[in-house]
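[1] Whatever this is, show me its structure:
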Amino acid sequence: MSLSLRIFIVYMVFVSLCSYFVLRTVMEEIRPGVKQSTEETLVDTANLLAEFLREPMLQQQLDSEAYTEIFKAYGLRQPKASIWGVEKSAVNHRIYVTDSNGIVLLDSKNIAVGQDYSRWNDVYLTLLGQYGARSSQEFEGDEGSSIMYVAAPIKSGENIIGVVSVAKPMRSLQPFIARTERRLLLLGGSLIILGLLSGALFSWWLSRELRKLREFAQTISHGERAPIPQSKIASGELRQLALALDSMRRELDGKAYVEHYVQTLAHELKSPLTGIRAAAELLQSPLLDAPEQADQRQRFIGNIAGDSLRLQQLIERLLDLAKLEQQQVLANPTTVNISALLSQLVEQQAARISLQQCLLSVDIAANLFIKGDAFLVGQALTNLLDNALDFCVPSGALRINAGLERVTAEQNAGANTEEAIVIRIYNEGEAIPDFALARLTERFFSLARPRTGKKSTGLGLNLVQEVTELHGAYFQLHNCAQGVEALMRFPLKA
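    Residues are numbered from 1 along each chain as shown. Sure thing, here's the model as predicted:
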C-alpha cells in the first residue's frame, strides 16, 4: 500500500468520525433547541394575553359571547404564510383561561369550559406564584402528539385572579425540525464529500510528487540523465530532497566515474604504447643503422607517429565524452542552424570526399533550426560524416539529406504524429554485421576500416548517442540497400 493511500485512509477515517460525532451532536440538539425557542415565545404570548385579559377578568366578562367568538375566530384563522419554505395554513395555539380556583372560564377550542384544571402543572404552579409549564401527550405513547403548555398569571395588584395558558402542539413544529435536519444533513454531507475530495486531491498530488521523486531517484540510480526542471517537482521540500539526491549521486558517480575511466584509459593506452615502445627499441638496434634499412626505419617512425596520433585522439575523445556524460541538461542552449552547419561540414570534408572520389549528393532544406549546443551537434555530425567516409567504397555514393519529415505514432513511441528535423547520411558500402548492430554505440567498440583494416577509438558513435540524448533527439545506424544509413531526428520542440 502506497504512502499517499495510507495518508488518505487515515484522513478519511478522521474526517468521517469527526463529521459523524459533530452531526450527531447537532442533530440531537435541534429538537431541544426548537422546543426552547418555542417555549420562550409561548411565555411572551401568555404574558401578553394575561395583561390583555386582566380587565375583562375583573369585570367578569370572559363568559360573554363576545370573547367566546373572538377565541373561536382566532382558532379558525388561516394565515397562509410561508415561513422559510414551510407553508402555515392554520393557527396551532390553544388558549384557555381559568379563575383563581383553576376552573376553565374560556377555551379557544371550546372543549374544557367548566372543567377543573387546578391540578395541571401549568395552572397549579402559576397559582402558587411559580413558573407554570407542562408537556402532555395528546395520545398515550405517541411522542409526536406532545403538546407544550405555558401559563402566565392574571393579576390584580399582587393578587392572582386567574391563569391564562397557551398551548402549542409539537406536530406543528415538526416541519421546521425536519427542514432543519434535512438542510443540516445536506450541508454536512456536502462538507464531508468536499473534505474527502480535498483529501483525495491532496493524496493524488502527494502521490504524483512522490512518484516523480521515485522516478527521478530510479533514473539517476541507473546512471541515466534526469534533469529537474522548475515545474518537475512542485513541493519545495521534495524538490530539495531531489536536489540532495542528485548532488549525492554526482558525488558518488564522480568517484566511480574517475575510477572507471582510469581503468578504461589504462587498458586502451596499452596497445599504442606497446607499439611505440617496440618501434623505439627496434630503432635503437644497430641493425637499422645500415643505409639499406632506411625504408624499415621510416616504417617504424611512421608507426610511432601513428600510435602517438591514436593516443592523442583517444585522450581527446575520452575528455570530450567525459564532459558530455556528466551533463544532465544543456547549460546554455541556443538556436542552431542545422542547414548552415551541415553545409559547413561538407565544405570542410570536400578534399577528402574528392580524394576518395565519392559520388556526393547533398539535399539540405533551408532554415532548419533547433534549440541546442551548436558545438556538440557539430561534433556529432562530424563523427557521422567521418564514419561514412571511412566505410564508403571507392567511387561509391555518399548522400547527405536534411529536412522536415512527419513522424508517425509508431516511430514516436505512441505519441501523436508530429513534424521533426531528420538528417540522413548514407554511404555505399558493406552492410554492418548483425552481431555489431546492437553494439555500435558502445564505448570502445569499433569495426575494422575496409581500406586500412585498422579500428578507430570506438568513441565516435558513443559521443553521437550522448549528444542526441542530451538534445532529446533520436539516433539510429542501420543497413539499407547497398550501404549504411545514419539517421538523426530532432523534434521541433527541441
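[2] Report all helices and strands that the biggest helix by length in the chain contacts.
    The longest helix of the chain (DSSP state H) is helix 3-52. In terms of contacts (3 or more C-beta pairs under 8 Å, 6 or more residues apart in numbering; DSSP states H and E), helix 3-52 is packed against strand 146-156, strand 159-169, helix 174-221. For every residue, glycine as well, the C-beta is placed using N, CA and C.
[3] For the protein, list the residue farthest from the centre, please.
    Gln59 (83.4 Å; C-alpha atoms, centre = their mean).
[4] circling back: show the average pLDDT along the longest helix of the chain.
    Averaged across helix 3-52, pLDDT comes to 82.
[5] can you check stretch 56-66 too?
    80.
[6] Got the domain ranges for this structure?
    Structurally, the chain divides into domains by automatic domain parsing as follows: 3-178, 223-329, 330-494.
[7] a markdown table please, covering those and showing distance to Leu194.
    What follows is these, written out as a markdown table (distance: least, C-beta to C-beta, whole Å):
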| stretch | distance to Leu194 |
| --- | --- |
| domain 3-178 | 10 |
| domain 223-329 | 22 |
| domain 330-494 | 36 |
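[8] weakest of those domains in terms of mean pLDDT?
    domain 223-329 (a mean of 61).
[9] Give me the angle between the longest helix of the chain and helix 174-221.
    Using axes from the mean of the first three to the mean of the last three C-alpha atoms, to 10 degrees, the inter-axis angle of helix 3-52 relative to helix 174-221 is 160 degrees.
[10] Let me know the angle separating helix 3-52 from strand 146-156.
    40 degrees.
[11] So which residues of the chain form strands?
    81-83, 86-88, 94-99, 104-107, 132-137, 146-156, 159-169, 334-337, 359-364, 369-372, 397-407, 418-428, 474-480, 483-491 (DSSP state E).
[12] Dump those into CSV; add mean neighbour count as well.
    Putting these into CSV (neighbours: other C-beta atoms under 10 Å) gives the following:
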stretch, mean neighbour count
strand 81-83, 10
strand 86-88, 13
strand 94-99, 22
strand 104-107, 21
strand 132-137, 16
strand 146-156, 21
strand 159-169, 22
strand 334-337, 14
strand 359-364, 13
strand 369-372, 18
strand 397-407, 18
strand 418-428, 20
strand 474-480, 16
strand 483-491, 20
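[13] Let me have the ones you listed in a markdown table, extended by distance to Gln379.
    Below are these laid out as a markdown table (distance: least, C-beta to C-beta, whole Å):
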| stretch | distance to Gln379 |
| --- | --- |
| strand 81-83 | 84 |
| strand 86-88 | 83 |
| strand 94-99 | 102 |
| strand 104-107 | 110 |
| strand 132-137 | 96 |
| strand 146-156 | 94 |
| strand 159-169 | 95 |
| strand 334-337 | 12 |
| strand 359-364 | 18 |
| strand 369-372 | 12 |
| strand 397-407 | 17 |
| strand 418-428 | 14 |
| strand 474-480 | 13 |
| strand 483-491 | 12 |
